[in-house]
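Asker: need a 3D model of the following:
(chains A and B)
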Amino acid sequence: MTRLMHGDVSVGDQLPELAHDVTTTTVVLGALASRDWRPMHHDRDFAINRNGTKDIFLNTPNQAAWFERYVTDWTGPTGRLGRMTFRMNTSTFPGDRMVFSATVTGTSVDEVGCGWVDLDVALMVGDVATTTCATRVALPLDVNDNPWARRGDAWLP
Amino acid sequence: MSTTDPTSRVPADDLPPVPAEVSAQIGVVQYEEEGGFPVEHGYIWTTCASVENGNPLFWDDGVAAELTDGPIAPPTMLSVWFRPHHWSPGRTEPAVPLQAHFDLKDDLDLPEAIISSNTNTFYEPVRIGDRVRSRQVLRSISDPKTTKLGRGRFWTIDVEYLNQDDRLLGVESYTAFGYRRPELEGTES
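Answerer: Next up, the predicted model:
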């Protein structure tokens, strides 16, 4: 797996897209992995007849895990997430094809010398951004830098 | 119950003021609780499998030793360690996450609510064996606002997660809008 460096990144860069076909298993596995037992994430009858949705749908914690995977596929293991802001617009269902995309919106080095990259990430289904996530991730400034080694006042996410 | 202007769906006397005992909760730690089990590797692998996350930090002990002084959990799993079991001995009521949010709905008499945004900030890595504690802090309540959903108030609640050494692991900050549907104004108390 690659180990992206802060200097490799520029504002406006586009991340490679990630596509995944959502199945019932995707939704149920994701819900149970995140210990979310609510029936709208595994019981189709409940989702349709009680929630009024067309099917069970991806829960928010598992969506967060998908966003994390997408970003760290790009950064490699030295990328350390600092902050994620989610906006949930609509739901993602079995049969949907999820496509993750992202654009670099900022790069900076903070006052304690940590290199940051800001991303606008979108989970698209067709033309609809079902969830967006503004992400702030730390990357090494050089081969001797490791964002994971930062503790206390040296980590300002 | 609000009185209504017959020419408008917005009540003439607006929402009642925020009760003093609710305002007094701003900045106060509530609902401090400990997770039901220590952080374990099995859930980490199951979560990574669910999203096909091959990050070697979570699969290769050598990489974890090199970068993070040993195995850690994916940061986005923060809330997983606190969610209650589906059932446990002696429980008579279902556990409700984000109880402070449901308290506000009741206390402000705003029957509907949505989470409009959610920010997760990650601090100390979560490690295998950690016992995660959470606590809820009401940060703010807005003046009355009107959105396309109805008339109500925004509020922000932070859920703070700490480990057994009181080190901050992360904060989930939820901004919600509690509201009354316009069509219900003046018809129900």
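Asker: how about the strands in chain A?
Answerer: For chain A, strands defined by DSSP state E occupy the ranges A:18-21, A:80-88, A:97-109, A:115-125, A:128-139.
Asker: identify each buried residue in stretch A:79-98, please.
Answerer: Residues of stretch A:79-98 classed as buried: A:79-86, A:88, A:91-94, A:96, A:98 (neighbour count, 16 or more other CB atoms under 10 Å in any protein chain shown). For the C-beta atoms, the positions are set from N, CA and C on the backbone; glycine is no exception.
Asker: what residue ranges in chain A score low on pLDDT?
Answerer: Within chain A, not a single segment meets pLDDT under 70.
Asker: what about stretch B:22-41, near chain A?
Answerer: No - using CB under 8 Å from any CB of the partner chain, stretch B:22-41 stays clear of chain A, with a minimum separation of 9.5 Å.
Asker: can you check stretch B:91-103 too?
Answerer: No - Stretch B:91-103 does not reach chain A (CB under 8 Å from any CB); its nearest approach is 9.4 Å.
Asker: get me the contact residues on chain B for chain A.
Answerer: Contacts of chain B with chain A, taken as CB under 8 Å from any CB, map to B:43, B:46-57, B:63, B:67-68, B:74-77, B:79-80, B:83, B:86, B:115-125.
Asker: leaving out sequence neighbours, find the closest residue to the most centrally placed residue in chain A.
Answerer: Nearest to the geometric centre of chain A sits residue A:67, at 1.3 Å (CA atoms, centre = their mean). The shortest distance from residue A:67 to any non-neighbouring residue, by CB to CB, 6 or more residues apart in numbering or on different chains, is to residue A:133 (4.8 Å).
Asker: contacting residues around the one you found?
Answerer: Residue A:133 makes contacts with A:64, A:67, A:84-87, A:121-123, as judged by CB atoms under 8 Å, 6 or more residues apart in numbering or on different chains.
Asker: got the angle between the longest helix seen in chain A and strand A:80-88?
Answerer: Longest helix in chain A, counting residues (DSSP state H): helix A:60-75. Interaxial angle, helix A:60-75 versus strand A:80-88 (axes from the mean of the first three to the mean of the last three CA atoms, to 10 degrees): 130 degrees.
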